[in-house]
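In: Quick one, structure for this:
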Amino acid sequence: MRSMESLGAGFLAGAGIVWGFNIVSLFRNGDASIALLYLTVLVIPVSTLLYLKLKNANRRTNAADRSLLRNFLFSCQGVALGFWAFDVVTTFYGINVTGLAVELNPLGWPLGILSGFAFYGPSVVLSYFLLFKSEENVRFYAAAPLTMLTLAMGAMNLRAGAQNLQVFLDSARLATGVNFGLSAALGTVCLMVPFALKGKETQPEPLSP
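Out: Next up is the predicted model:
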């Protein structure tokens, strides 16, 4: 279970990097109103993570935990998956939504997704077995280069997604009324999330019979 948490945390980190890149790109070259919406959406997970971090600040941690490095290496697989997801989503937008882009992969679209899965699927599985199922003196020497290779592939997907994003920057626009309504709705959610978490924390636990 801890390994899946590490993978999920890495994926969220990769998605956060992509989301921040999108916000900066929209402010510089796209529709600033969409960038503001993206920034508002980002407030929700950031405020939740900060709340949970502060809530657990007083808990004792073991800095010498030997599993820290292997969980970090496995989380890097999640970062690469986040970059790959960015590439897939922007490709879908460019081809299926706008019709302004074409798939360069010889397999075409959407079969081109399989080429990415053919790499990331075995990479995640092999990394898991190396880090969590093998001997201690073997796992890091074998998993470290695999992790670097996966991050390199993820960087290529990030670059491809950034190129695809240009289609979004050139074509995505929001009407003023739609932008105001979405901003109001997201702002309300952003205000409700911390209060909901605080209320859940202060609720008394049911007494066991």
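In: contacts and neighbour counts: CA atoms only from here.
Out: Noted.
In: Next one: residue 143 from residue 127, what distance?
Out: 6 Å (C-alpha to C-alpha, to the nearest Å).
In: Let's verify residue 99: helix, strand, or coil?
Out: Residue 99 falls in the coil class when you classify it by DSSP: H, G, I helix; E, B strand; the rest coil.
In: what's it in contact with, if anything?
Out: Listed by C-alpha atoms under 8 Å, 6 or more residues apart in numbering, the contact set of residue 99 is empty.
In: quick one, phi psi at it?
Out: Backbone torsions of residue 99, given as degrees, to the nearest 10, read phi 70, psi 20.
In: longest helix of this protein?
Out: Taking DSSP state H as the assignment, the helix of the chain that covers the most residues is helix 136-171.
In: elements contacting that one?
Out: Contacts defined by 3 or more C-alpha pairs under 8 Å, 6 or more residues apart in numbering; DSSP states H and E place helix 136-171 against helix 2-29, helix 67-92, helix 112-132.
In: could you redo the last one with a cut-off of 7 Å?
Out: helix 67-92, helix 112-132 (3 or more C-alpha pairs under 7 Å, 6 or more residues apart in numbering; DSSP states H and E).
In: which of those helices is buried the deepest?
Out: helix 67-92 (a mean of 23; mean count of other C-alpha atoms under 10 Å).
In: tell me the mean pLDDT for that helix?
Out: For helix 67-92, mean pLDDT is 87.
In: Same check on stretch 119-134?
Out: Averaged across stretch 119-134, the pLDDT comes to 87.
In: Next: stretch 14-24.
Out: 87.
In: just stretch 40-54 next, same as before
Out: pLDDT averaged over stretch 40-54 gives 72.
In: From the chain's centroid, how far away is stretch 155-164?
Out: Mean-position distance between stretch 155-164 and its chain equals 14 Å (C-alpha atoms, centre = their mean, to the nearest Å).
In: in that stretch, what's buried?
Out: Across stretch 155-164, burial judged by 16 or more other C-alpha atoms under 10 Å covers 155, 156, 157, 158, 159, 160, 161, 162, 164.
In: ok, the second one to residue 87 distance?
Out: Distance from residue 156 to residue 87, counting by C-alpha to C-alpha: 9 Å.
In: Identify, from the buried residues of stretch 155-164, the entry nearest to residue 37.
Out: Nearest to residue 37, judged by C-alpha to C-alpha, of those is residue 162 at 19.1 Å.
In: And that closest one, how close does it get to residue 188?
Out: Note on residue 162: its distance to residue 188, by C-alpha to C-alpha, is 31 Å.
In: The most centrally placed residue in the chain: what's it in contact with?
Out: Centroid-nearest residue in the chain: residue 15, 2.2 Å away (criterion: C-alpha atoms, centre = their mean). By C-alpha atoms under 7 Å, 6 or more residues apart in numbering, the contact set of residue 15 is 82, 83.
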